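Colleague: Predicted coordinates and the sequence they were generated for:
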Amino acid sequence: MGFGIIVAAQSVSGVLGIVLGFGTRNYLVREMVIAPKKGPRLVGTAIVLRLILAPVVALAAVVWARVAHDGHEATIALYLITAMTILTLLAEPVQAAFQAVERMKYIAYTNVLTKAAQCVIGIALVMVGFRVLAIAGSMAVVAVAALLLNLVWIRSFLHIDVKTNARRMASMAKQSLAFWTFGLFGYFYLWIDTIMLSVMTRSEVVGWYGATTNLFQTLMFLPVLVSTAWLPRLVTAFTKSRNDLLETARTPVELILVISVPMAAGTAMVASPLIHAVYGPGFARAVPVMVILGFCIPPIYMNIMLSQVLLAEKRQVVWTVVMAGAAVVNPLLNLVLIPLTQTRYGDGAIGAAVALVLTELLMDMVGVIIVGRRVFDRKTIRRFVLAVAASAAMWAAFYAARPIGAPIALCAGVATLTALVVALRIPTSDEIAFIRSGLARLRGRPAST
């Protein structure tokens, strides 16, 4: 299946791209918040460093293609997707600058334009009869456009200084090492399930899993948006004291925790109609995978925010150890669950989804021990329980109204959730202010303080 080839190529290129990323984005954000005047030189050095490392990634893709023996079409697709990965990672230092100066609207523009262009162009190519290679090529072209747009937009905020030297690049590589190690384990455990599926099952199964993970990744916009917007504030708070950091972190952590629960319930509700509407009846086997991944939303959301708190206080090494554990546990779970569900249900993607949920829950347990106990309190637990109750009522209303039709059932569920959220007063005034602040930043206006 063509979609399976694309997903497999993305997973392999994602792992190979870890070398090119070198963990510099979070390092750049933190350094530019503390010392804004160093921004032009830091961004320029990061871009040059990535250009130097780009041939290493390309060579690794060639070696993988030779070892994997996936066929001509899959090999060319891998090369094109790897080119897209390189171009995307070249744009990351520029996006780090946007994040540091709190101009997140340009990051949002890039994400929306990239995803929309890939979707529209991909659908158009399929409709006129083009196949995998044309879609992969279009993705690389979109990445070129995104990089050029970022380079144009950044000129309003800083002039990139690409005049660097070996000493600066070596220093950046050394300072970024902890962040790079974090990214290494993170990318590995997030992509290894797809790679294992491609080896242990058929391309159709990889396609089912890829369809759900592509939709699932769109739900990550919220924690990514919140963490991206909040990281500069967390870094600034930590420069004052750790207590200021933890106090500042409480608002986004609680917000993410409370919102993640209805998001999970909503994912289970819309899984079937969404999969059928986007991918067609041929992907019906992907529906249970989507439902299972819905349970992954709260722990993933929480892990993203907890890692940002540790990053702000320069304790990213601690979370790197957690990620290293996940990189060991997740493949072991996949090694058992993929063949088990493939044999029993004919769908190894179910096993991969369950493995991801279990891994994230284990990481949450560790995260609560490291960070959560300092950020959470009884009020947080109470609000989380109320969110669970409201989300359960939403799902119950949807389930009861299903015989009437999916649209009416969805409306009934949303109405139930809205009424309970208002009646139980789940959102706080601080969270409402934060949401308004975030929207203002996306529109390019500085938020009031």
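Modeller: Yep, that arrived. Quick caveat: nothing in here was measured; it's all calculated off a predicted structure.

Colleague: what bits of the stretch 201-350 of the chain have low per-residue confidence?
Modeller: The stretch 201-350 of the chain contains no residues with pLDDT under 70.

Colleague: mind redoing it with 80?
Modeller: 203, 214, 217-218, 221, 224-225, 228-229, 316 (pLDDT under 80).

Colleague: And the helices in it?
Modeller: Ranges of helices within the stretch 201-350 of the chain are 203-218, 221-240, 242-279, 287-294, 297-312, 316-345, 348-367, based on DSSP state H, counting those that start in this stretch.

Colleague: Same list, those helices, but as TSV with distance to residue 71 and mean neighbour count please.
Modeller: The C-beta positions use only the backbone N, C-alpha and C, and glycine is treated the same way. Output for the helices of the stretch 201-350 of the chain, formatted as TSV (distance: least, CB to CB, whole Å; neighbours: other CB atoms under 10 Å):
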stretch	distance to residue 71	mean neighbour count
helix 203-218	10	23
helix 221-240	34	19
helix 242-279	23	20
helix 287-294	26	23
helix 297-312	34	24
helix 316-345	22	18
helix 348-367	21	23
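
Colleague: Next one: residue 58 relative to residue 87, how far apart?
Modeller: 12 Å (CB to CB, to the nearest Å).

Colleague: Who has more neighbours out of these two?
Modeller: residue 87 (20 against 16; other CB atoms under 10 Å).

Colleague: Not counting residues beside it along the chain, what's closest to the more buried one?
Modeller: residue 143 (3.8 Å; CB to CB, 6 or more residues apart in numbering).

Colleague: Quick check: the one you found touching residue 84?
Modeller: Yes - Residue 143 lies in contact with residue 84 (CB atoms under 8 Å); the separation is 4.4 Å.

Colleague: who has more neighbours, the two?
Modeller: residue 84 (26 against 23).

Colleague: give me phi/psi at that one?
Modeller: With angles defined as degrees, to the nearest 10, residue 84 sits at phi -60, psi -40.

Colleague: List the contacts of it.
Modeller: Residues near residue 84 by CB atoms under 8 Å, 6 or more residues apart in numbering: 13, 136, 139-140, 142-143.

Colleague: of those, buried ones?
Modeller: 13, 136, 139-140, 142-143 (16 or more other CB atoms under 10 Å).

Colleague: which of the residues you listed lies closest to residue 366?
Modeller: Using CB to CB, residue 13 is the member of the buried ones among the contacts of residue 84 that lies nearest residue 366, at 29.4 Å.

Colleague: That closest one: which element?
Modeller: helix 2-21 (DSSP states H and E).

Colleague: Over to residue 102?
Modeller: Using DSSP H and E, no helix or strand contains residue 102.

Colleague: Pull the most distant pair out of the buried ones among the contacts of residue 84.
Modeller: 13 and 142 (14.8 Å).

Colleague: Nearest residue to the residue nearest the centre of the chain in space, ignoring adjacent ones along the chain?
Modeller: Among the residues of the chain, the one closest to the centroid is residue 220, at 5.2 Å (CA atoms, centre = their mean). Excluding the flanking residues, the one nearest residue 220 by CB to CB, 6+ apart is residue 300, at 7.3 Å.

Colleague: which residues touch the one you found?
Modeller: Counted by CB under 8 Å, 6+ apart, residue 300 has contacts 220, 223, 360.

Colleague: now do residue 334
Modeller: 192-193, 196, 351-352, 355.

Colleague: that older thread, possible to save the helices of the stretch 201-350 of the chain as CSV with distance to residue 24?
Modeller: Shown next, in CSV, are those (distance: least, CB to CB, whole Å):
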stretch, distance to residue 24
helix 203-218, 22
helix 221-240, 14
helix 242-279, 23
helix 287-294, 30
helix 297-312, 13
helix 316-345, 13
helix 348-367, 24
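
Colleague: of those, which approaches residue 417 most closely?
Modeller: That would be helix 242-279 among the helices of the stretch 201-350 of the chain, by CB to CB, at 5.8 Å.

Colleague: Can I get stretch 43-50 as PDB, trimmed to CA atoms?
Modeller: Taking C-alpha atoms only, stretch 43-50 is exported to PDB below (Å, rounded to 0.1, in the frame of the first residue of the first chain):
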ATOM      1  CA  VAL A  43      20.900  31.000  14.700                       C
ATOM      2  CA  GLY A  44      23.600  31.400  12.000                       C
ATOM      3  CA  THR A  45      25.900  29.000  13.700                       C
ATOM      4  CA  ALA A  46      23.100  26.400  14.100                       C
ATOM      5  CA  ILE A  47      22.200  26.600  10.400                       C
ATOM      6  CA  VAL A  48      25.800  26.200   9.200                       C
ATOM      7  CA  LEU A  49      26.300  23.300  11.600                       C
ATOM      8  CA  ARG A  50      23.200  21.600  10.200                       C
END
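
Colleague: my read: residue 160 touches residue 45, true?
Modeller: No - in this structure residue 160 lies outside contact range of residue 45 using CB under 8 Å: 9.7 Å.

Colleague: quick one, which of those two is more surrounded?
Modeller: residue 45 (25 against 21).

Colleague: Spell out which helix or strand contains the more buried one, please.
Modeller: helix 39-68.

Colleague: Relative to the whole chain's centre, how far out is that helix?
Modeller: Averaging C-alpha positions (CA atoms, centre = their mean, to the nearest Å) puts helix 39-68 21 Å from its chain's average.

Colleague: Between the helices of the stretch 201-350 of the chain, which one is closest to residue 155.
Modeller: Nearest of the helices of the stretch 201-350 of the chain (CB to CB): helix 221-240, 20.8 Å.

Colleague: Determine the angle, from 0 to 180 degrees, between that closest one and helix 242-279.
Modeller: 170 degrees (axes from the mean of the first three to the mean of the last three CA atoms, to 10 degrees).

Colleague: how big is the angle separating helix 221-240 from helix 203-218?
Modeller: Using the same axes, to 10 degrees: helix 221-240 against helix 203-218 is 50 degrees.

Colleague: now what about helix 221-240, what contacts it?
Modeller: 26, 29-30, 33-34, 99-100, 102, 104, 107-108, 111, 244-245, 247-249, 252, 255-256, 259-260, 263, 300-301, 304-305, 308-309, 311-314, 438, 441.
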